[in-house]
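**Student:** got a predicted structure here, sequence first:
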There are 2 protein chains.
Amino acid sequence: MADIKQVAIVGGTHGNEFSGVYLIRRYQRQPELLQRQSFHAWTLFANPQAFAANKRYLDADLNRQFRRDDLDNPSLSNYEQSRAKVIDSVLGPKGSPHADLVIDLHNTTSNMGPVLILTQAGDFYNQLAAYVKMQMPEAVISCDEDHLSAEEHRLLCTTGRYGVIVEVGPQPQSVIRQDVLEQMHSMTQHILDFADLYNRSELPELPTEVEAFRYLHSIMLPLNEQGERLGMVHKHVQDQDFKAIQPGDPIFTLFDGGEIRYEGDSVVYPSFINEAAYYDNNLAMSLNEKVTLKISS
Amino acid sequence: MADIKQVAIVGGTHGNEFSGVYLIRRYQRQPELLQRQSFHAWTLFANPQAFAANKRYLDADLNRQFRRDDLDNPSLSNYEQSRAKVIDSVLGPKGSPHADLVIDLHNTTSNMGPVLILTQAGDFYNQLAAYVKMQMPEAVISCDEDHLSAEEHRLLCTTGRYGVIVEVGPQPQSVIRQDVLEQMHSMTQHILDFADLYNRSELPELPTEVEAFRYLHSIMLPLNEQGERLGMVHKHVQDQDFKAIQPGDPIFTLFDGGEIRYEGDSVVYPSFINEAAYYDNNLAMSLNEKVTLKISS
């Protein structure tokens, strides 16, 4: 396996998620925070236009524009589709990338804490997860490792040879919370440390396995036939990201006073509960299963 | 003093504050929740266009358009300035209003809990505050009673003979939290109960005084000469709405690592700490003094 030589740290992929924007500004002012012995690290401000407009995006969600086929399609031409092609030319091109590791910085309004999201499977990712969890026990590992090939993935970070998301919440859109900014900085620093130790074959002894939450599917708010919302996330589920939901547990409260219970046949673990950015699509939360990632030594 | 005969409950003055929108929808479906013996109560959806756009407003903040002079000025013609004139014709006209009591429903991203905001001084308001606090001890009373005459006030609720704001947080913009919706419903019901008991001279024995927070002024985030933010709300202040700030306490953390301390010469109590909607103007928080409202029997 080749070394990690180029590391890109990306902020502002969503213009109203402020922590990443302010963290890369800090790294630009204090480049020593990015310096490691074995690689070159640099920053990219993905969507300054959306940040200036104080919106998630201008025309379309930038973090859904990175399928290889879409990047190769010049008729996909709105602002974010165009910006994605530029970013791919800088970090990628996807499939033969300039960046060996892309760290994309995000916020959520959900009570998820500091989350490391892995987009692919492999020893590198599992060792990274184990290292981050060892350094930062409050970190949560989330994975979505075998649903899509890198070619098919729509996420910005999949332009790199390796790509991860640092997702920290709860933080309202268009706000900077010091605690959230510090958690994002800590996790990013641990990832940089890992890559350097990995390159130099100086990783500490890692645990043999690490707990992670593997994405299953998203569920929608209850809607009527006209698409109007009939209810909301149940108050017993609100803020309980990554806490078990048992079959039969209430998950929605209807505005008419009723409840909807979870009808699956096994325990699931929710994430992105009541995320503001997902209301446009009436997504209520993501559901995950708990898995164990095995660490090769 | 004449009776309260007409009560208007207003939701959606800001289009991305969802609790009020969903609460007035509930009251439209269940009008028995508004019915009281001694008055007629009805609902108004103040800015459905902004709600449809999932924004605070389209052109200008609707809740700043209700100065009498502005309402009388036809050249103030953008969407919210026009809508304000229509709302004044329904609830007001200010100075000789149709509505005896206007209850305007709002959310904040700040950790303020359920807050009753009084916009003017007087026995009615003080008795209302005492009654609400008696029924709902977790409620906070906020007042801004002698800075502006009703004529000069820019707030929607000042169109009525009496006007109050029910302000509940924390809730991210464009999200419905069940706990916040229930607090807003409870406080609104207590206000309606009060008005009915007041009309019928059947108020219970009220305390002789009630604690409130009186608005002093707002303070801005630290900025450089180009207007760029140099820091953020200190993590020891974040979420500590209505908790004392002593002279010398840190209030901002600078991105370069420094701190800014509060330089006033007396204790103050912050509110609207890190409110997302105030970032456009770089407002960091409001400062209040603690006061005692005297209740006439």
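**Tutor:** Arrived safely, thanks for sending.

**Student:** which residues outside stretch A:221-232 are in contact with it?
**Tutor:** A:233, A:252-256, A:258, A:260, A:274, A:282-284, B:22, B:176-178, B:181 (Cβ atoms under 8 Å, 6 or more residues apart in numbering or on different chains). Yep, even glycine has a C-beta here, placed from its N, CA and C like the rest.

**Student:** ugh, wrong one, stretch A:129-149
**Tutor:** Applying Cβ under 8 Å, 6+ apart, the set of residues contacting stretch A:129-149 is A:112-122, A:125, A:167, A:186-187, A:190-191, A:193-194, A:197, A:203-204, A:206-207, A:209-215, A:242, A:271, A:288, A:291, A:293, A:295.

**Student:** so which of the residues you listed sit within helices?
**Tutor:** A:Tyr125, A:Ser186, A:Met187, A:His190, A:Ile191, A:Asp193, A:Phe194, A:Leu197 (DSSP state H).

**Student:** spatially nearest residue to the first one, not counting backbone neighbours?
**Tutor:** Here the nearest residue to A:Tyr125 in space, its sequence neighbours aside, is A:Leu118; by Cβ to Cβ, 6 or more residues apart in numbering or on different chains that works out to 4.5 Å.

**Student:** point me to the helix or strand that includes A:His40.
**Tutor:** strand A:40-45 (DSSP states H and E).

**Student:** which helices and strands sit right next to that strand?
**Tutor:** Contact partners of strand A:40-45 among helices and strands, from 3 or more Cβ pairs under 8 Å, 6 or more residues apart in numbering or on different chains; DSSP states H and E: strand A:6-11, helix A:18-29, helix A:79-91.

**Student:** tell me the buried residues in it?
**Tutor:** In terms of neighbour count (16 or more other Cβ atoms under 10 Å in any protein chain shown), strand A:40-45 has its buried residues at A:Ala41, A:Thr43, A:Leu44.

**Student:** over to stretch A:235-251?
**Tutor:** Per 16+ other Cβ under 10 Å, stretch A:235-251 contains these buried residues: A:Lys235, A:Val237, A:Gln238, A:Asp239, A:Gln240, A:Asp241, A:Phe242, A:Ile245, A:Asp249, A:Ile251.

**Student:** report the contact partners of the fourth one.
**Tutor:** Think A:Asp239. A:Ser110, A:Asn111, A:Pro170, A:Ile273.

**Student:** now, among the residues you listed, which is nearest to chain B?
**Tutor:** A:Pro170 (7.7 Å; Cβ to the nearest Cβ).

**Student:** tell me the phi and psi of A:Ile141?
**Tutor:** When read as degrees, to the nearest 10, the backbone of A:Ile141 gives phi -100, psi 130.

**Student:** now it: how far from A:Glu289?
**Tutor:** 13 Å (Cβ to Cβ, to the nearest Å).

**Student:** output the below-cut-off pLDDT ranges for the stretch 101-250 of chain A.
**Tutor:** Filtered on pLDDT under 70, the stretch 101-250 of chain A yields the residue ranges A:145-146.

**Student:** ok, the closest residue to A:Leu33 other than its chain neighbours - how many residues close by?
**Tutor:** Computed as Cβ to Cβ, 6+ apart, the closest residue to A:Leu33 that is not its neighbour in sequence is A:Tyr27, at 5.5 Å. By other Cβ atoms under 10 Å in any protein chain shown, 19 other residues sit near A:Tyr27.

**Student:** now A:Tyr27: how far from B:Phe255?
**Tutor:** 11 Å.

**Student:** just A:Leu58 next, same as before
**Tutor:** 26 Å.

**Student:** the two - which one has more neighbours?
**Tutor:** Higher neighbour count among A:Leu58 and B:Phe255: B:Phe255, with 19 against 16, using other Cβ under 10 Å.

**Student:** that one touches A:Ile24, doesn't it?
**Tutor:** No: between B:Phe255 and A:Ile24 there is no contact, the gap being 11.7 Å when judged by Cβ atoms under 8 Å.

**Student:** which of the ones in helices among the contacts of stretch A:129-149 count as buried?
**Tutor:** Here, 16+ other Cβ under 10 Å leaves A:Tyr125, A:Ser186, A:Met187, A:His190, A:Ile191, A:Phe194, A:Leu197 buried among the ones in helices among the contacts of stretch A:129-149.

**Student:** now for these: which two are most distant?
**Tutor:** Spanning the widest gap among those are A:Tyr125 and A:Ser186, at 19.2 Å by Cβ to Cβ.

**Student:** what kind of secondary structure is A:Asp179 in?
**Tutor:** What DSSP: H, G, I helix; E, B strand; the rest coil gives for A:Asp179 is helix.

**Student:** still on that earlier bit, who touches whichever helix or strand comes after the strand holding A:His40?
**Tutor:** Counting by DSSP H and E, the next helix or strand C-terminal to strand A:40-45 is helix A:48-53. Helix A:48-53 is contacted from outside by A:12, A:14-16, A:21, A:45, A:56-58, A:62, A:79-80, A:83, using Cβ under 8 Å, 6+ apart.

**Student:** between those, which is closest to chain B?
**Tutor:** For those, the nearest to chain B is A:Asn16 (8.7 Å; Cβ to the nearest Cβ).

**Student:** ok, that closest one touching A:Ile176?
**Tutor:** No: A:Asn16 is not in contact with A:Ile176 according to Cβ under 8 Å; the separation is 11.3 Å.

**Student:** domain assignment for chain A?
**Tutor:** A:6-207, A:213-294 (automatic domain parsing).

**Student:** who's in contact with A:His153?
**Tutor:** A:Phe66, A:Arg67, A:Thr119.

**Student:** most neighbours, which of the residues you listed?
**Tutor:** Result: A:Phe66 is most packed of these (other Cβ under 10 Å), 26 neighbours.

**Student:** in what helix or strand does it lie?
**Tutor:** Per DSSP H and E, A:Phe66 falls between elements, in no helix or strand.

**Student:** from B:Asn224, how far out is it?
**Tutor:** According to Cβ to Cβ, A:Phe66 stands 35 Å off from B:Asn224.

**Student:** show me what contacts A:Arg29?
**Tutor:** B:Phe255, B:Asp256.

**Student:** quick one: it from A:Val175, how far?
**Tutor:** For A:Arg29, the distance to A:Val175 equals 21 Å [Cβ to Cβ].

**Student:** with A:Phe124 instead?
**Tutor:** Taking Cβ to Cβ, one finds A:Phe124 at 34 Å from A:Val175.

**Student:** of these two, who's got more company?
**Tutor:** For A:Phe124 versus A:Val175, neighbours defined as other Cβ under 10 Å are more numerous around A:Val175 (26 against 19).

**Student:** need the residues of chain A near chain B, please.
**Tutor:** Counting by Cβ under 8 Å from any Cβ of the partner chain, the positions of chain A adjacent to chain B are A:22, A:25-26, A:29, A:54, A:109, A:170, A:172-179, A:181-182, A:229, A:232-235, A:238, A:253, A:255-256, A:274, A:276, A:279-280.

**Student:** if any of the residues you listed are buried, put those into a PyMOL selection.
**Tutor:** Selecting the buried subset of the residues of chain A next to chain B in PyMOL, with 16+ other Cβ under 10 Å as the burial test, is done by:
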select buried, chain A and resi 22+25+26+109+170+172+173+174+175+176+177+178+181+182+229+232+233+234+235+238+253+255+274+276+279
